[in-house]
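Asks: what follows is a predicted structure for the sequence shown.
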Amino acid sequence: MADEQNAKSMSIIVTKGTLDWAYPPFILATTAAAMGLDVTMFFTFYGLGLLKKDMNLKVTTLGNSAMEMPMMGGHMAMPNIMAALPGAPALTTAMMKNLIKKKGIASVEELREMAIESEVNMIACQMTLDLFEYKREDLIDGVAIGGAASWVEVATKSEINLYI
């Protein structure tokens, strides 16, 4: 962590909980922490699922019209209509997990553990916990619980604020 006098800081609001959307906030948070920034992640709505002990992350093509997967030397676009087909989310999830493994990319669980080891401050949104009827026991250890004001307090002092 950077010394207090020269500390830079970053906050990230994490709102999405699919496999493909789990990577950007954790990669940015762990990279910034490795570069000496103080990092806070605020997990709200579907992003809160990334703090659950048991994650069962999936990929969906719905609303992700830019999704392409490398196949047979080219790239295959995954149309939105594919999300309506039975078994499509399982197929796209398996394809993504296979690609992640094949390319030697860290898993979301590994990235989350790196964030913890890097002392990234992770805040679970209290309102979202209440809304989706999650309990503190459902979440990994070391997570703070707070409301929007918890993030605003950090964000007003941060040089970088991201919404993912």
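Replies: Everything's here; your move.
Asks: could you say which helix or strand contains the spatially most central residue of the chain?
Replies: Centroid-nearest residue in the chain: residue 22, 3.1 Å away (criterion: Cα atoms, centre = their mean). Using DSSP states H and E, residue 22 sits within helix 19-34.
Asks: now do that helix: distance to the chain's middle.
Replies: Relative to the centre of its chain, helix 19-34 is centred 7 Å away, using Cα atoms, centre = their mean, to the nearest Å.
Asks: other SSEs contacting the next helix or strand after that helix?
Replies: Where DSSP H and E defines the elements, the next helix or strand beyond helix 19-34 is strand 38-43. If you count contacts as 3 or more Cβ pairs under 8 Å, 6 or more residues apart in numbering; DSSP states H and E, strand 38-43 packs onto strand 9-14, helix 19-34, strand 121-125, helix 148-155. C-betas here are computed from N, CA, C, even on glycine.
Asks: for the helix holding residue 22, packing partners?
Replies: When contacts are defined as 3+ Cβ pairs under 8 Å, 6+ apart, helix 19-34 packs onto strand 9-14, strand 38-43, helix 88-102, helix 108-117, strand 160-163.
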